[in-house]
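Peer 1: return a 3D structure for these sequence lines:
(one chain, ligands or ions: 1)
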Amino acid sequence: MSQHSQVIAIEWRQQTLQLLDQRILPHQQQMIECQTAAETANAIREMVVRGAPAIGITAAYGIALDALAGRDLEAAYKVLAESRPTAVNLFWALERMAALGTSDGEQLLAEARRIHAEDIAHNLAMGQFGAELLGNNATVYTHCNTGALATGGHGTALGIIRSAWAGGKIKHVYAGETRPWLQGARLTAWELMQDNIPVSLVCDGAAAQLFRAEKPEWVIVGADRITANGDVANKIGTYSLAVLARHHGMKFMVAAPSTTFDLSLNSGNDIPIEQRPMSEVTSLQGIQIAPQKCQAINPSFDVTPAELIDAIVTERGVIHQPSVATVAALLDSH
Ligand SMILES: CSC[C@H]1O[C@H](OP(=O)(O)O)[C@H](O)[C@@H]1O
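Peer 2: Residues are numbered from 1 along each chain as shown. As a prediction, the model looks like this:
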């Protein structure tokens, strides 16, 4: 059973960057072509491509686009860094590209390809580490989308689910719809059905009742930024799932490559939380659902404190009971 999903969200083709337009999945599959860093930044901001690792990989290719065309790279770094504020993978990728200290397009393209390939390898490693934490015949709950669409391939939380499925350990997956952008309903359900993994879609508001009635073994989610003490920023709704899981005696797992850690921040209080347009809440795919001029708040992420997290799975291994000490022990040991 292949562990690699066939879904390809990011592709370098004929000196251009091709992105699967995630705004119109699952009913339309259409690639968007980016020829400049500015176009790439716009694609990230508009969520043509989304997902912390995928954003970093995409930004790296955006730098290569401008380098190959001989454009000013200072402007390229700036416009990409300003595209979305929360996923630290974006800034990690840009800093890694800049650290090459060159404007040579071929060298920068080669580095972007390495970042892409390494992410897939990291996801496969995480998949194995995470799958080992699951019991046999596990029922799990996941939130947002953390699959091949959110990464270079295979996925983080969804990569663990894929690897556990390949090992015959998954009985059923519950996927939270994840309002307002519906990454769960439109992307995770689609990816899992493509892989014939049994999935049931869950309204975000139904999670509590499901936890009380079914008590899934694990909640498994991704991350956009993890601070030195193990606090985790992830898609809005993650924090409430962590509180619910603890209340119902369920275990809570975060899957993220080491590139998602930001050790310069002491706690989740310091993580910049993206505020997105009100229209994403008051309308749905262009159809107004709230009264005209209705006000709304739309924080795109929330912060789950480390004490509510049982395990953070990385490509380097598992951080059990995350804290300053256990985060440092894992990250400093490699
Ligand atoms: C594999 S990390 C994916 C991470 O990114 C998502 O946010 P967005 O869809 O807004 O980019 C969400 O927080 C996922 O957990």
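Peer 1: centroid-nearest residue for this structure?
Peer 2: Gly51 (3.6 Å; CA atoms, centre = their mean).
Peer 1: isn't it right up against Ala148?
Peer 2: No - here Gly51 does not reach Ala148: they are 9.3 Å apart, not a contact under CB atoms under 8 Å. (Glycine included, C-beta is placed from N, CA and C.)
Peer 1: and for these two, which residues touch both?
Peer 2: Common neighbours of Gly51 and Ala148, using CB atoms under 8 Å, 6 or more residues apart in numbering, are Ala9.
Peer 1: what does the top strand by length along the chain contact?
Peer 2: Of all the segments of type strand in the chain, defined by DSSP state E, the longest one is strand 170-176. Residues outside strand 170-176 that contact it (CB under 8 Å, 6+ apart): 134, 137-144, 161, 164, 184-185, 188-189, 192, 197-204, 207, 210, 214, 216, 237, 241.
Peer 1: count of residues packed around Leu133?
Peer 2: The tally of other residues near Leu133 (other CB atoms under 10 Å) stands at 20.
Peer 1: tell me which element it is part of?
Peer 2: Assigned by DSSP states H and E, Leu133 falls within no helix or strand.
Peer 1: separation between Gly155 and the ligand?
Peer 2: Look at Gly155 and the ligand: by CB to the nearest ligand atom, to the nearest Å, they are 7 Å apart.
Peer 1: tell me the contacts of that residue?
Peer 2: 5, 123, 127, 146-148, 161-162, 191.
Peer 1: am I right that it sits in a strand?
Peer 2: No - under the criterion used here (DSSP: H, G, I helix; E, B strand; the rest coil), Gly155 is coil, not part of a strand.
Peer 1: what about the longest strand of the chain and the ligand, any contact?
Peer 2: No - judged by CB under 6 Å from any ligand atom, strand 170-176 makes no contact with the ligand; its nearest approach is 11.0 Å.
Peer 1: parallel or antiparallel, list what pairs with that strand.
Peer 2: The strands beside strand 170-176 in its sheet (DSSP bridges) come out as strand 138-142 (parallel), strand 199-202 (parallel).
Peer 1: picking that back up, pull out the buried residues from the contacts of strand 170-176.
Peer 2: Taking 16 or more other CB atoms under 10 Å as the criterion, what is buried in these is 134, 138-144, 161, 164, 184-185, 188-189, 192, 197, 199, 201-202, 204, 207, 210, 216, 237, 241.
Peer 1: contacts with the ligand among those residues, please.
Peer 2: Answer for those near the ligand (CB under 6 Å from any ligand atom): Cys144.
Peer 1: buried residues, stretch 158-173. List them.
Peer 2: For stretch 158-173, by 16+ other CB under 10 Å, it's 158-167, 169-170, 173.
Peer 1: and those residues as a markdown table, adding pLDDT and secondary structure?
Peer 2: Output for those, formatted as a markdown table (pLDDT from 0 to 100; DSSP: H, G, I helix; E, B strand; the rest coil):
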| residue | pLDDT | secondary structure |
| --- | --- | --- |
| Leu158 | 98 | helix |
| Gly159 | 98 | helix |
| Ile160 | 98 | helix |
| Ile161 | 98 | helix |
| Arg162 | 98 | helix |
| Ser163 | 98 | helix |
| Ala164 | 98 | helix |
| Trp165 | 98 | helix |
| Ala166 | 97 | helix |
| Gly167 | 98 | coil |
| Lys169 | 98 | coil |
| Ile170 | 98 | strand |
| Val173 | 98 | strand |
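Peer 1: ok, Ser264 - how many residues close by?
Peer 2: Neighbours around Ser264, by other CB under 10 Å: 9.
Peer 1: any idea how far Trp190 is from Val140?
Peer 2: According to CB to CB, to the nearest Å, Val140 and Trp190 sit 18 Å apart.
Peer 1: correction: the previous question concerned Gln295.
Peer 2: Distance from Gln295 to Trp190, counting by CB to CB: 32 Å.
Peer 1: which element, helix or strand, includes the closest residue to Gly155 other than its chain neighbours?
Peer 2: Distances taken as CB to CB, 6 or more residues apart in numbering put Gly147 closest to Gly155, at 3.8 Å, once the chain neighbours are dropped. Using DSSP H and E, Gly147 is not contained in any helix or strand.
Peer 1: so what's Gly147 scoring on pLDDT?
Peer 2: At Gly147, the model reports a pLDDT of 98.
Peer 1: ok, it - contacts?
Peer 2: For Gly147, the contacting residues are 5, 7, 154-155, 158-159, 162, 187-188, 191-192, by CB under 8 Å, 6+ apart.
Peer 1: repeat for Arg225
Peer 2: 52, 86-88, 232-233, 260-262, 265, 271.
Peer 1: what about 10 Å?
Peer 2: 52, 85-91, 231-234, 256, 260-262, 265, 268, 270-273, 301, 303 (CB atoms under 10 Å, 6 or more residues apart in numbering).
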